[in-house]
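> fold the following.
(chains A and B)
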There are 2 protein chains.
Amino acid sequence: MAKVGIRDVAKAAQVSVTTVSHALSDAHGSRVNAATRDHVRAVAEELGYAPNRLASGLRNQRSYLLGMVNDQIATTPFAGEMILGAQDAAYERGWLLMMLDTASDPELEKKQINTLLQHQVDGIVYAKMYHQRIATPTELAGVPTVLLDATSDLGSISSVVPDEVAAARTAVRTLIDAGHRTIGFINNIDDIPATHGRFQGYVEALGEAGIDFDPALVATAESRAEGGRIAAQHLLSLPTRPTALFCFSDRMAMGAYQAAGSLGMTIPHDLSVIGIDNLELIAEGLWPGLTTVALPHYGMGRWAVTQLLDEIEASGDEEPVHMIFDCPLVQRGSVAPPLHI
Amino acid sequence: MAKVGIRDVAKAAQVSVTTVSHALSDAHGSRVNAATRDHVRAVAEELGYAPNRLASGLRNQRSYLLGMVNDQIATTPFAGEMILGAQDAAYERGWLLMMLDTASDPELEKKQINTLLQHQVDGIVYAKMYHQRIATPTELAGVPTVLLDATSDLGSISSVVPDEVAAARTAVRTLIDAGHRTIGFINNIDDIPATHGRFQGYVEALGEAGIDFDPALVATAESRAEGGRIAAQHLLSLPTRPTALFCFSDRMAMGAYQAAGSLGMTIPHDLSVIGIDNLELIAEGLWPGLTTVALPHYGMGRWAVTQLLDEIEASGDEEPVHMIFDCPLVQRGSVAPPLHI
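Numbers count the residues shown, from 1 in each chain, chains lettered A, B, ... in the order given. Okay, the predicted model is just below:
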């Protein structure tokens, strides 16, 4: 992410991003004069900005259009930053990203993929709103494709997903580092990779700290505020009352706040809470702000398009890459040492 | 909305939505056999389902592709249902919707509109993530366009926006009907139609009920939870303490809940709260659930595409329509009679 981007070049050259894009490519015609082009190229070289497309000799066979097939990413509030990351990465290299939303309807999806192919997209990002294992649609066989927030039965297609196990380990270790030893886990009930991976991460992080795993400290519910509230009320009424709760999602953490409030407990003084998502509406909206582990949607979106363009430019010679993305801790105000310390 | 849709026909005919679409159009080739086609058409006629496209004789000049130019709708959690409504309306009439997200970058927007035009979309929905007044991009001059969640200097382009004044009146009247007379208003600070329209609606609803407008009961802040919390703490510490708060947005209402909690007040027993948005993450996540006035994103999205297709089929002979959409009340648990009643 700390790489030089097109916006850095634009700023340094004191021109617009579009001018940089035009100056560094001829995909969209000669819309900048020679002096500007030379200036921008010099600045880009000085900064070490080198879009791979310049290295490719295949420019003229391209539509410079990528397709993005979403299930419900655009219409739900959970993973929209994947679109932003994908789009930024495409635009920085001179491509445009055209999105279709399938509303999770397989027939509509088929039709949409065919439409993208008819419009000769150079490649497709096939994206899911949450991490899942899928059967890749057969329509995608003939076109360079990268899976975003999904893995496939087909090992031949590159993919990117978050590291669910490590995300949970980060969350639980944050609580352990603050001094907690009795840590409840409010898990989701869905049979999806996140549920299993985060459980594994919870158990591993406890084990590394020499804390015995106690199944009584794990409660499960639907991943919504209400589920989190009910599960938290249960855990907080145990004889071995946890001093901290690790919640499967920020929505469940919102419910944990409500449970704490209803029991007269103050966060983080009486109870520490940590989530996973970094869904800003919730994590920033809660009071105190929710410390959480971010699902790296923007970064995964960027990675998917970057990988796709690399594969397009390598003309199929590259090995598929199965990327597992780190999930960073976002500290706000919901974790503190336990009272008895 | 209670109209017969393609899904009703599919269900009654016991075939898939795609089969209905194929049977009722020849846009996508003859992919159903004659018996099925006749069966589906008979069911559609029986149910009174008549997509306008059947009435149009201009089928063959169409790409059956619509473009949707979004600012940040797909990447932020606020108005994604506009995309869903637009897409459903398009699909029901045999069109596909291709989306581009401009990230609110005017140069990227220009390029994207041109790309859509190169790909011969039959029309464009130009959509904003919140209601605003805009200058219509000149690139849209030559193509049928409908503005979604925006109005324009150009009266010649159809548009749809929510009725901000009526939305506020509905909210405030709900509080008045519950018995409240001292009603605080937590307004946004941005100079946008919603800020002014909702203020007007608040004043009007009070006036109709014979309640004097008291400027001291209006507090303004950024439309986020924190702004709502600080504004609510201020209003709830006034000598003329309001028994109910009307909040500009669900996010601000989330902050009002926090303020109530910090003052030891229970919602709705000690304080009624109502919002505007029906942002489900918040409105359903809060405890008790937030009674709010919905921004009709799904319906506006449907309307925009329906109007666009009508205009495309009328070949420019139709008058532009400037639609103002009703905003329905969504009752949950945050409004009750005031204590002193």
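
> which parts of the stretch 1-150 of chain A sit against chain B?
A:16-18, A:28, A:65, A:73-78, A:80-81, A:83-84, A:87-88, A:91, A:96-101, A:103, A:105, A:107-108, A:111-112, A:115, A:119 (C-beta under 8 Å from any C-beta of the partner chain). (C-beta placed from N, C-alpha, C; glycine too.)

> of these, keep whichever come out buried.
A:17-18, A:65, A:73-78, A:80-81, A:83-84, A:87-88, A:91, A:96-101, A:103, A:105, A:108, A:111-112, A:115, A:119 (16 or more other C-beta atoms under 10 Å in any protein chain shown).

> show only the entries of these found in strands.
With DSSP state E as the criterion, strands contain A:65, A:96-101 from among those.

> can you show me the helices along chain A?
Applying DSSP state H to chain A gives helices spanning A:6-13, A:17-24, A:34-47, A:52-55, A:81-92, A:106-118, A:164-177, A:193-208, A:225-235, A:250-262, A:280-283, A:297-313.

> which of these sits closest to B:Asn278?
helix A:280-283 (13.5 Å; C-beta to C-beta).

> the closest one near chain B at all?
Yes: residues of helix A:280-283 contacting chain B under C-beta under 8 Å from any C-beta: A:281-282.

> from A:Thr291, how far out is the residue of chain A found nearest chain B?
Proximity of chain A to chain B (C-beta to the nearest C-beta) peaks at A:Pro77, 2.8 Å away. Look at A:Pro77 and A:Thr291: by C-beta to C-beta, to the nearest Å, they are 20 Å apart.

> same question for A:Val40.
With C-beta to C-beta as the criterion, A:Val40 and A:Thr291 are 42 Å apart.

> residues contacting A:Val143?
Neighbour list for A:Val143: A:117, A:121, A:123-124 [criterion: C-beta atoms under 8 Å, 6 or more residues apart in numbering or on different chains].

> show me which positions of stretch A:127-141 end up buried.
A:127-132, A:134, A:136-137, A:139-140.

> pretty sure A:Ala209 sits against A:Leu175.
No: counting by C-beta atoms under 8 Å, A:Ala209 does not reach A:Leu175; the two are 9.7 Å apart.

> more crowded one of these two?
Comparing A:Ala209 with A:Leu175 by other C-beta atoms under 10 Å in any protein chain shown, the one with more neighbours is A:Leu175, at 27 against 15.

> identify the residue nearest the more buried one in space, chain neighbours excluded?
Distance criterion C-beta to C-beta, 6 or more residues apart in numbering or on different chains; nearest residue to A:Leu175, sequence neighbours excluded, is A:Ala244 at 4.4 Å.

> please name the bridge partners of the one you found.
Applying DSSP bridges to A:Ala244 gives these bridge partners: A:Ile183, A:Ser272.

> show me what contacts it?
Listed by C-beta under 8 Å, 6+ apart, the contact set of A:Ala244 reads A:175, A:178, A:180, A:182-184, A:271-274, A:335, A:338.

> now with 6 Å?
By C-beta atoms under 6 Å, 6 or more residues apart in numbering or on different chains, the contact list for A:Ala244 reads A:175, A:180, A:183, A:272.

> roughly how far apart are it and B:Ala166?
From A:Ala244 to B:Ala166 the distance is 47 Å (C-beta to C-beta).

> same question, A:Phe78
Taking C-beta to C-beta, one finds A:Phe78 at 31 Å from B:Ala166.

> where are the low-confidence patches of the stretch 1-150 of chain A?
By pLDDT under 70, the weakly predicted segments of the stretch 1-150 of chain A are A:1-4, A:25-31, A:48-60.
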